[in-house]
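Asker: Okay, here's the prediction I keep looking at, along with the sequence it came from:
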Amino acid sequence: MSDLTMRNAGTNALITGGAQGVGLAVARQLVEEGCKALVLLGRSEDKGRVAVAELEKRGAEAIFVSADLADPAACLAAVETGVKRFGSLNALVNAAASAARGSLVETTPAMFDEMFAINVRGPFFLMQGLVKHLLETSQPGSMVNVLSVNVHGGQSFLSSYSASKGALATLTKNVANAYRRNRIRCNAVMPGWMDTPGEAMTQAKFHDAAPDWLAKAEAAAPMGQLVKTHEMAGLITYMLSPQSGVMTGALVDYDQNVPGIIGE
């Protein structure tokens, strides 16, 4: 097999939101690249069982951990569970997030706190747990945070969401700088509008979207499609792998619209 095919053969990863959407796409890609040990963190036990069965059929060993990202203790415990099961973890993908709607004037303190608990505090303590483990065992490691192009500003109805992703972008760079001499890398990918089951539910819940919302959205997109999780997964697994070398602190836009460019 080529180096590309097996570039994550030494990767033991924990993936949040790993039972669906971006997280599951990354898990599948990791297995294709040789990864044999996966911890999927999420809320739905049913989805978790299905995802684990699929990944094991593909040749990996996988476990599902049901946890609330808003609970720091649960996040730290998930890392410990993975270490106990596989002996070590050296990779983390923070893919899960809340994308609840709310403008500046609509967002309540409770909505704001929940957004930051899931989108910032959860990833913070998952990274803390993994980095502590890597430092204690003197291992290199790699982390990827899934952000959003909303880091550049965002729509008016995504005020707290955009702020939370901006906070995680800053945290990505802070962590990258702090642990680079320990060979612990931290990068992020910032996707645009994505085609995921979660987005379909969001469109129906918050925007009363018709069943053909995806077809209409893709027809209007510059490249005729929304971001596909299976395509973006390869970028994330590259960032996790040793092939990405010294890459750290990078925030990579993954979209067909160029930030700062107005019109055509």
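Answerer: Done, it's in. Numbers count the residues shown, from 1 in each chain.

Asker: just wondering, since we're on Met194, how far is it from Ala25?
Answerer: 10 Å (CB to CB, to the nearest Å). Yep, even glycine has a C-beta here, placed from its N, CA and C like the rest.

Asker: Which one's more surrounded, the two?
Answerer: The residue with more neighbours, out of Met194 and Ala25, is Ala25; 23 against 19, by other CB atoms under 10 Å.

Asker: Surely that one and Ala233 touch.
Answerer: Yes. Proximity of Ala25 to Ala233 meets the contact threshold set by CB atoms under 8 Å, at 4.2 Å.

Asker: how many other residues sit next to Val246?
Answerer: 7.

Asker: How about Leu40?
Answerer: Applying the criterion other CB under 10 Å, we find 27 residues in the vicinity of Leu40.

Asker: ok so, going back, intersection of neighbour lists for Met194 and Ala25?
Answerer: Overlap between the contact sets of Met194 and Ala25, as judged by CB atoms under 8 Å, 6 or more residues apart in numbering, is given by Thr229, Met232.

Asker: Now Val246: phi and psi?
Answerer: Backbone torsions for Val246, taken as degrees, to the nearest 10, come to phi -90, psi 10.

Asker: An error on my part: the question was meant for Pro109.
Answerer: In this entry, Pro109 is assigned phi and psi values of phi -60, psi -40 (degrees, to the nearest 10).

Asker: Please determine how far it is located from Phe116.
Answerer: Plainly put, Pro109 is 11 Å away from Phe116 if you go by CB to CB.

Asker: which of those two has more neighbours?
Answerer: It is Phe116, of Pro109 and Phe116, that has more neighbours when counted by other CB under 10 Å, with 20 against 7.

Asker: Let me know the average pLDDT across the strand or helix carrying that one.
Answerer: Remark: Phe116 resides in helix 109-116, with elements defined by DSSP states H and E. With pLDDT averaged residue by residue, helix 109-116 scores 97.

Asker: chain center to that helix, what's the gap?
Answerer: Centroid separation between helix 109-116 and its chain, computed with CA atoms, centre = their mean, to the nearest Å, is 20 Å.

Asker: One more: stretch 110-125?
Answerer: Between the centre of stretch 110-125 and the centre of its host chain there is 14 Å, according to CA atoms, centre = their mean.

Asker: on that earlier part again, quick one: list the elements packing against the helix holding Phe116.
Answerer: Contacts defined by 3 or more CB pairs under 8 Å, 6 or more residues apart in numbering; DSSP states H and E place helix 109-116 against helix 159-179.

Asker: The helix it packs on packs against which elements?
Answerer: In terms of contact count using 3+ CB pairs under 8 Å, 6+ apart, helix 159-179 is assigned the packing partners helix 109-116, helix 122-137, strand 141-146, strand 184-191, strand 251-254.

Asker: tell me the contacts of Val149?
Answerer: Applying CB under 8 Å, 6+ apart to Val149 gives the contacts Met190, Pro191, Gly192, Asp253, Asp255, Asn257, Pro259.
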